[in-house]
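Asker: Structure for this input, please:
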Amino acid sequence: MATYSGNQWLVYVGQHAANQGILTQNSDGALYRMNLESVNDIDFSAGVTQEFLPRTGQKVFRQTDVFTTQNGGSYTWAFDWLVDSEEILQLLLRSAMEVDGATGLINILGTHAHSSQYVYNQAAPDFSLQVSLVNPDASETRLLHSAVVTELTFSMDTGTNGGRLRASGTMYSGYRPTVGTNAVVDGSTGSNTAFAFGIYDCHAVEVATTQITSKSFSVTITNPCERVGFRIANSIDGEPEDYIRDRVDVTGSISVKMDDTSVAQLPFWLAGTSKSILVGDEGTAGGGSATDIFFEVAQAKYTGHNVDLGSEGGVFIELPFQGTATGSEKLISVKLT
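Answerer: Take a look at the predicted model:
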């Protein structure tokens, strides 16, 4: 009888290679190893309906009084990752921002519309993913396919991980994961291009077009997904016909040192004035010359103004914000290459 450590699990992520909803494991070369400090299992709880229906005739549950099904279920997988792979970073970013075939600078506009590419057996979009959780017991390896990133948080802090970029979030699938011998040969997977950028590479940190001193920044892209309808798929009843994704939301927070330029942020919050927030390796609005790391929320509404007076290392203001966009305006622009 073997005893396993959680550190023996391996995680591989790739673009879903088959048509949407079709169960096919990617070839090893189309998967990238995601190096995590700890691995979460797939959350099966929303995928299982269990009804306890005690009937008369005896005072305890019979086996037949408990009904269990996975029909109509959905599944999620949560991750928290110190970013070290450009390929995985691009997969997550495209899926969260629902942008097909994009490289370089990626934008979400106020005119962002629902994609029709989630229909069962249609050609899968670039932002449909699969993740393999390889268990040291091969019979317990998991495969989550036709998945999308519904929440993605990027964060950087001068006091954590040397300021490097961290990505955390959740993947969602309305299709039943497989549990079995989905082998992945580690040395045969795709090569990861190293990514080790962070806040110290951001020479431009601007609030309201003014260069400021900051010690932390985070931004969260929330793009919910729900399954629609039901059908037989992969010889399984109750799989979805389609997905629908709801309102895209961008929120975040930036710390700003209180000085003769930043102290004026309070009136902007009190008046509900929109201001730009830019963090990147260059300071041009729109990020046209950014090379490695760039975030811009051009029309941010502050949702607070929290001053920390308890530190001897300078007084900092925490500015939480909500991204907004009207029409063709950009809700958020991101470049991570």
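Asker: Please report the separation between the first and final residues of stretch 93-112.
Answerer: 15 Å (Cα to Cα, to the nearest Å).
Asker: my bad, stretch 219-234
Answerer: With Cα to Cα, one end of stretch 219-234 sits 37 Å from the other.
Asker: would you list every one of the helices in the stretch 51-200 of the chain?
Answerer: In the stretch 51-200 of the chain, the helices defined using DSSP state H, counting those that start in this stretch lie at 86-97.
Asker: Neighbours of Ser311, how many?
Answerer: The local packing of Ser311 (other Cβ atoms under 10 Å) involves 8 other residues. Where C-beta positions appear, they are placed from N, C-alpha and C, glycine not excepted.
Asker: again, but for Thr337
Answerer: 18.
Asker: same thing with His203?
Answerer: By other Cβ under 10 Å, the residues close to His203 number 10.
Asker: With Glu312 instead?
Answerer: 5.
Asker: Let me know the distance separating it from Ile42.
Answerer: 45 Å (Cβ to Cβ, to the nearest Å).
Asker: Low-confidence stretches in the stretch 1-150 of the chain?
Answerer: Applying pLDDT under 70 to the stretch 1-150 of the chain flags residues 102.
Asker: So, low pLDDT: which residues of the stretch 201-337 of the chain?
Answerer: Those would be none, if you go by pLDDT under 70 across the stretch 201-337 of the chain.
Asker: all strands for the stretch 151-300 of the chain, in order.
Answerer: Secondary structure of the stretch 151-300 of the chain by DSSP state E, counting those that start in this stretch: the strands cover 166-173, 178-180, 204-207, 210-211, 216-222, 225-228, 231-233, 236-239, 242-245, 249-257, 274-280, 293-302.
Asker: Now render the ones you listed as TSV, adding mean neighbour count.
Answerer: Formatted as TSV, those follow (neighbours: other Cβ atoms under 10 Å):
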stretch	mean neighbour count
strand 166-173	22
strand 178-180	14
strand 204-207	20
strand 210-211	14
strand 216-222	21
strand 225-228	18
strand 231-233	15
strand 236-239	17
strand 242-245	18
strand 249-257	20
strand 274-280	22
strand 293-302	24
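Asker: Ok, which of those strands comes nearest Arg62?
Answerer: Proximity to Arg62 (Cβ to Cβ) singles out strand 236-239 among these, at 24.7 Å.
Asker: So in that sheet, which strands flank that closest one, and in what orientation?
Answerer: Strand 236-239 has the following strand partners under DSSP bridges: strand 231-233 (antiparallel).
Asker: which residues are contacting the strand it pairs with?
Answerer: Gly21, Ile22, Leu23, Tyr120, Asn121, Tyr175, Glu239, Pro240, Glu241 (Cβ atoms under 8 Å, 6 or more residues apart in numbering).
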